[in-house]
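any chance you could fold what I've pasted below:
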Amino acid sequence: MVEKKTSRYSPEFRERAVRLLEEHRSDYPSISAACREIGGKLGCSGDSLHDWWKQARRDAGAQPGPTTTERARIKALEREVRELRQANEILKKASAYFAQAELDRPFRK
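Sure thing, here's the model as predicted:
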């Protein structure tokens, strides 16, 4: 089983960081430079801040791609598919086992 990864940063912190980035973006030559500088001041990596900013833009419809809600739904559906495949494998093995047991049983008249 895969361990659940918990976020180091709260959603409120992420929202504030993205808002701060939006407010001061024009002070820097590029979005990467802004993320590096602002992320460093906030104590998070520039890459994380850049990812949060891109996701916030997707959620707002300003950038193509799945929103946070859609990503959660996709993740849940993938988990369900994985569980159904496991259940299907178990049922196939059980079916084969019982079919073999039926063939091995002596014939009754």
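
what helices or strands is whichever strand or helix holds residue 76 leaning on?
Using DSSP states H and E, residue 76 maps to helix 68-104. Helices and strands touching helix 68-104, by 3 or more Cβ pairs under 8 Å, 6 or more residues apart in numbering; DSSP states H and E, are helix 46-60. (Each C-beta comes from the backbone N, C-alpha and C, glycine too.)

which strands or helices does the helix it packs on pack on?
By 3+ Cβ pairs under 8 Å, 6+ apart, helix 46-60 packs against helix 11-24, helix 31-42, helix 68-104.

what's near enough to touch residue 58?
Contacts for residue 58 were tallied using Cβ atoms under 8 Å, 6 or more residues apart in numbering; they are 64-68.

where does this structure have low pLDDT?
For the chain, the stretches with pLDDT under 70 are 1-6, 107-109.

tell me the domain ranges of it?
For the chain, automatic domain parsing gives the domain ranges 9-65, 66-109.

and these, which is most packed in?
Mean neighbour count (mean count of other Cβ atoms under 10 Å) peaks for domain 9-65 among these, with a mean of 15.

sorry, back to before: and the contacts of residue 58 as JSON lines, adding distance to residue 27?
Putting these into JSON lines (distance: Cβ to Cβ, whole Å) gives the following:
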{"residue": "64", "distance to residue 27": "27"}
{"residue": "65", "distance to residue 27": "27"}
{"residue": "66", "distance to residue 27": "30"}
{"residue": "67", "distance to residue 27": "28"}
{"residue": "68", "distance to residue 27": "27"}
